[in-house]
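Asks: Got a predicted structure here, sequence first:
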Amino acid sequence: MLRGFRHIRGYFKDPQQLELLEEIRRIIAQAPLFSPAMPRTGKPFSVQMTNAGALGWVSDISGYRYQDRHPETAEPWPPLPATLRALWRDVADWPGDPEACLINYYGQGTRMGSHVDRDESDFSAPVVSVSLGDDAIFHVGGLRRSDPKTRIVLSSGDVAVLGGSARKAYHGIDRIIPGSSDLLTEGGRFNLTLRRVTTYQNPVPDLDRTRGT
DNA sequence: GAGTATCT
DNA sequence: CGAG
């Protein structure tokens, strides 16, 4: 595994997990889960997804991309919850704000093949992930798909950060462990990933302040 | 700029 | 589960 990967067990305690879950329910009520499909083949993903924030990641037969509207309702994505902005400020170690929160729902038997998050323009910002619900077997490898992988269990309330060289590492979800959490009445797992999509310009130094009269 | 986050 |  590459440097820059960080797993923070139990970052969110039970009450905060319930708050986050309520936020997710509200988001889904506004921006329903949809089934993405593979570019070119149109083969559906097993997970369902939606987004919050200025931009959302979508995939269909014409490709992967970020866009500012839900692909089915054509409505803007709901705002990114304050709790998640606070998480980003706490763990991202990066000056700008996140622009996207991809919400993936993993039902029983669903998975996510090994891939790299590479649809963003700015790779200096990390990807910050939150797990809610059933445990998941997560893998992280290296820059090449064939590089050796490390596997860990991601549990409800855990945060994972893919930063530095791990930002471009292959990763994925092998499987969900049914019944390992009772947070979700319907079972399964939500994963939230916070991303910076566009490049961030460092603020112009405020000479009046830094010069200090 | 597409595209191996699919699948076997 | 790794490889492609």
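Replies: Cool, got the structure.
Asks: Give the helix, strand or coil label for the residue of chain A found nearest DNA strand B.
Replies: DNA strand B sits closest to A:Gly113 of chain A, with a gap of 1.6 Å, by Cβ to the nearest atom of the strand. Glycine gets a C-beta too; all of them are placed from N, C-alpha and C. Recorded secondary structure, A:Gly113: strand (DSSP: H, G, I helix; E, B strand; the rest coil).
Asks: burial count for it?
Replies: When neighbours are defined as other Cβ atoms under 10 Å, A:Gly113 has 11 of them.
Asks: Next up, the contacts around it.
Replies: Under the criterion of Cβ atoms under 8 Å, 6 or more residues apart in numbering, the contact list for A:Gly113 reads A:Gly172.
Asks: can you check A:Arg111 too?
Replies: Neighbouring residues of A:Arg111 by Cβ under 8 Å, 6+ apart: A:46-47, A:172-176.
Asks: same thing with A:Ala100?
Replies: Taking Cβ under 8 Å, 6+ apart, we find A:Ala100 in contact with A:51-57, A:66, A:80, A:194-197.
Asks: Who is it paired with across the strands?
Replies: Beta-bridge pairing of A:Ala100, defined through DSSP bridges, involves A:Gly53, A:Arg195.
Asks: ok, the residue in chain A that DNA strand C sits nearest to to A:His115 distance?
Replies: Nearest residue of chain A to DNA strand C (Cβ to the nearest atom of the strand) works out as A:Ser146 at 4.1 Å. Counting by Cβ to Cβ, to the nearest Å, the gap from A:Ser146 to A:His115 is 14 Å.
Asks: Ok, A:Ser124 next?
Replies: For A:Ser124, the distance to A:His115 equals 20 Å [Cβ to Cβ].
Asks: Then A:Pro126?
Replies: A:Pro126 is 16 Å from A:His115, where distance means Cβ to Cβ.
Asks: what does A:Tyr11 give?
Replies: A:Tyr11 sits 24 Å away from A:His115, taking Cβ to Cβ as the criterion.
Asks: What ranges does chain A have for its strands?
Replies: A:5-8, A:48-53, A:56-60, A:63-67, A:100-106, A:112-115, A:127-133, A:136-140, A:150-154, A:159-162, A:171-176, A:189-195 (DSSP state E).
Asks: Neighbour count: A:Pro126 and A:His115, which is higher?
Replies: Ranked by neighbour count (other Cβ under 10 Å), A:Pro126 and A:His115 place A:Pro126 first, with 25 against 11.
Asks: isn't the more buried one right up against A:Val161?
Replies: Yes - in terms of Cβ atoms under 8 Å, A:Pro126 counts as a neighbour of A:Val161; the distance is 5.2 Å.
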